[in-house]
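*Asks:* Here is a sequence with its predicted model. Questions after.
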There are 2 protein chains.
Amino acid sequence: MLDPSIRDQLIGIVGKQNFNDSNEAKLVYSYDATPNFQSLPDAVIMPENKNQIQSILKICSEAGVPIVPRGSGTNLSAGTCPTEGGIVLTFNRMNKILEIDEDNLTVTVQPGVITLDLIKAVEAKGLFYPPDPSSMKISTIGGNINECSGGLRGLKYGVTKDYVLGLEIVLSNGDVLRTGGKLAKDVAGYDLNNLFVGSEGTLGVVTEAILKLIPIPETKKTLLALFQDMDAAAKTVSAIIANKIIPATLEFLDQPTCKVVEDFARVGLPTDVNAVLLIEQDGPPEVVERDIKVISAICREGKAVSVKIAQSLEEAEALSTARRSALSALARLKPTTILEDATVPRSKISEMVRAINEIALKYDLRICTFGHAGDGNLHPTCLTDARDTEEMHRVELAFEEIFEKAISLGGTITGEHGVGEMKSPYLAWKIGEEGVAAMKAIKYALDPKGIMNPGKIFAKDTRKRVVL
Amino acid sequence: MLDPSIRDQLIGIVGKQNFNDSNEAKLVYSYDATPNFQSLPDAVIMPENKNQIQSILKICSEAGVPIVPRGSGTNLSAGTCPTEGGIVLTFNRMNKILEIDEDNLTVTVQPGVITLDLIKAVEAKGLFYPPDPSSMKISTIGGNINECSGGLRGLKYGVTKDYVLGLEIVLSNGDVLRTGGKLAKDVAGYDLNNLFVGSEGTLGVVTEAILKLIPIPETKKTLLALFQDMDAAAKTVSAIIANKIIPATLEFLDQPTCKVVEDFARVGLPTDVNAVLLIEQDGPPEVVERDIKVISAICREGKAVSVKIAQSLEEAEALSTARRSALSALARLKPTTILEDATVPRSKISEMVRAINEIALKYDLRICTFGHAGDGNLHPTCLTDARDTEEMHRVELAFEEIFEKAISLGGTITGEHGVGEMKSPYLAWKIGEEGVAAMKAIKYALDPKGIMNPGKIFAKDTRKRVVL
């Protein structure tokens, strides 16, 4: 519970209407999109500007009260669960697009802007902000920055960090940093932009961002290739890249995923083949035309049983939207859906998908796999029931094996969801104890009191992934 | 002087033939490409592998002996000058391309590989490594990583950090970190890749790197646009980008630069116009053709007095090479050449160039300006004589004003050369005292003994830029 004098001070900063420690509010903000992680905060606070955040952090730093910055809570690694209580900081009142600069191709935003709103606003000016996490309809840019969100267009266009040019950050001691700028090149000291992007709110609070834009691709085309042989699909992915074509999107869906997505979205996805590749290319019309032709040929050579090109932008859009709805669709089937994002070098996708299927069999679990095949970022998704403790134990063991396999293939435990609380026990598997020690030293350097989103990234003593 | 027992231990690690503390060696490694910074190291050491580097760092850490990692010494901010003595670590024996992975589009290299050798090796396989610092014929990849080198292709393709997927790093305590991997996406903890890229050897020693490759552009075309009005040239740069065309290269040369480059390279550069834009576009032939046509039209509308398209690849190559030789050409004119890289948002180039010219007049100095106009990265270059202390004082004041102006336009003190020792007095101008404090905290976290390239990035008490 919050000390009454701290409570009064916080209310003094933001006003009564922007501070909430009712049981309802605490319950609502006790979890994010990650199943089975829940912990009550002491209060929820809605600051209006950087100065208020400075004051809040100074008070919390002094008093050792945890701060959990939170966008829309679409996080999938329990990164915005208030694990150790404290104050949930939301950005509903800091949700403005401050400037679209067409000369410098930048957009300046507050952290609470919804990702899709930003994308639409810049597209209206012929510009393009590529990072497109599946949650983009509700996720915020601040959340995307804290998680270094990826998305379907990551293969060709990169992820959030590739578009962050500058940040305004409040550190836990109340210091305000301004990193980068509207600059294509800046090497004035360490790259703090990239240190904060993906730091999951553990180093400071992002209060403003300058993002890079690019000209919007002139056109795009979408192709659906169906395979009876999962291996053939994976090999086709490698063959496309080896042919020196980088599609905008190169998504993979296995048969169970296709089936549930089709049940959910009704866009004409096949439900009777073992693997589907959803491929999009964008760019100048001549190039798109040529690339799609070559990709079609490669798919056919790769034993696709069918290759279909979407006949209209609407049809293409429907397919992308269906793919983006995979999590929602899968979540309808069982009480608990655990979506992971083990990632491997793209040449290892086939091996990884095979391993996931074998592990699912071994532990008698239902795991569907889909994801960004082009960049090796897979989403094995387990449909389970958190109330079944025996099954949950098997889920735990299965995902441990999946992470182990990904690492052994040169991969990582998380491609785009972050470590959060959920994957913290496995961080050392990827970066070694030396890596964890180096990261902890950096965390301590910038947040010596440890108030910034404590309990995230770095594991406590437990290895348990699913907290029951 | 090195303690004799330390000397013996270091020789024990690398062998006598790879340790050199002769006066000749110390003199040779006492400076880099930056004028007027010189300081003798205690010895030069040439390790063969990571394990030797671990042992060296452990000994030096224990004894508090500075370590200065050094590639080919083309640094332009005194970043590889052994400011506080100690051991210069060179990578002549760690200069192998370990693997070109055509499935994953990566190349794995040791730090001592020459940049141009790498570029040629991957181009032979139809792949492309875009970062192309002007020094690429002699610079090393390790040096490029430590400086986050840019180059002419930065506008379209980004800089070194955009191509570093993974690093092997030895920390000052001897710990080995392995960051990233052959992975398009990886958010397992803080982004250490990008923290080390551009850290100027102050955080650890890079011993191996996995770099991203992309398919080589199918073709390219080069165009030369001449202007009598400098402002018109700068406005044309903005107009091209505002037209949603991102050229591969968009270089600016002022009249004095053109003149000396032409004297040096004899490629037919005009010497009687006030500003030249050298523009290259690459990609699929249809797109290059179209873009070059549009760019030509924009140049003409922008009052170019002449627009010429290079008639052959050889002619185009000669123009790029000539541009790359600008520093060498300018260096012939006066005993001392100080090349800076103040960088501004691209919409401010015209204002910045005008300010540079006014400042040169005010201080009665000869400053030529050229650079990567497309990304706002200018290279005002002062031709002077270090023996003339009175003039050097004016140089000092002039560059202070140039930095001040760049910052006031939303720019930075360095776009691609690094802070080093030379620009350390100005770091706080860009990132504030809070930023410097945060960076120092990170430095201390990873190098608590302060042995990694001391005296760089962070200023001592002096403000003097040019040490006499």
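*Replies:* Arrived safely. Numbers count the residues shown, from 1 in each chain, chains lettered A, B, ... in the order given.

*Asks:* From residue A:323, how far off is the spatially closest residue to residue A:135 that is not a sequence neighbour?
*Replies:* Once flanking residues are discounted, residue A:135 sits nearest to residue A:74: 3.9 Å by Cβ to Cβ, 6 or more residues apart in numbering or on different chains. In this view, the C-beta of every residue, glycine as well, is placed from N, C-alpha and C. With distances taken as Cβ to Cβ, to the nearest Å, residue A:74 is found 17 Å from residue A:323.

*Asks:* same check, this time on residue A:60
*Replies:* 41 Å.

*Asks:* In contact with residue A:75, which residues?
*Replies:* Neighbouring residues of residue A:75 by Cβ atoms under 8 Å, 6 or more residues apart in numbering or on different chains: A:32, A:33, A:34, A:81, A:143, A:147, A:417, A:418, A:420.

*Asks:* Same check on residue A:37?
*Replies:* Contacts for residue A:37 (Cβ under 8 Å, 6+ apart) come out as A:31, A:78, A:81, A:83, A:421, A:422, A:467.

*Asks:* Which positions in the stretch 1-150 of chain A make contact with chain B?
*Replies:* Residues of the stretch 1-150 of chain A lying close to chain B (Cβ under 8 Å from any Cβ of the partner chain) are A:101, A:102, A:103, A:104, A:105, A:126, A:127, A:147, A:148, A:150.

*Asks:* 6 Å - rerun?
*Replies:* When proximity is defined by Cβ under 6 Å from any Cβ of the partner chain, the stretch 1-150 of chain A lies next to chain B at A:103, A:104, A:148, A:150.

*Asks:* and the gap between the third one and residue B:186?
*Replies:* By that I understand residue A:148. The gap separating residue A:148 from residue B:186 is 9 Å, by Cβ to Cβ.

*Asks:* ok, now residue A:225?
*Replies:* Distance of residue A:225 to residue B:186, given as Cβ to Cβ: 27 Å.

*Asks:* Show the backbone phi and psi for residue A:64.
*Replies:* Backbone dihedrals for residue A:64, given as degrees, to the nearest 10, come out at phi 70, psi 30.

*Asks:* quick one: the strands in the stretch 251-400 of chain A?
*Replies:* Here the stretch 251-400 of chain A has its strands, by DSSP state E, counting those that start in this stretch, at A:275-283, A:306-309, A:336-339, A:366-372, A:377-384.

*Asks:* Those strands: which one's closest to chain B?
*Replies:* Proximity to chain B (Cβ to the nearest Cβ) singles out strand A:377-384 among the strands of the stretch 251-400 of chain A, at 4.9 Å.

*Asks:* distance between the closest one and the chain's centre?
*Replies:* The chain centre lies 14 Å from the centre of strand A:377-384; the measure is Cα atoms, centre = their mean, to the nearest Å.

*Asks:* do the same with stretch A:8-25
*Replies:* 30 Å.

*Asks:* Show the average pLDDT along it.
*Replies:* Per-residue pLDDT values over stretch A:8-25 give a mean of 98.

*Asks:* Pull out the buried residues from that stretch.
*Replies:* By neighbour count on 16 or more other Cβ atoms under 10 Å in any protein chain shown, the buried set for stretch A:8-25 is A:9, A:10, A:11, A:13, A:14, A:18, A:19, A:20, A:21, A:25.

*Asks:* re earlier: which of the residues of the stretch 1-150 of chain A next to chain B fall within strands?
*Replies:* Among the residues of the stretch 1-150 of chain A next to chain B, the subset assigned to strands under DSSP state E is empty.
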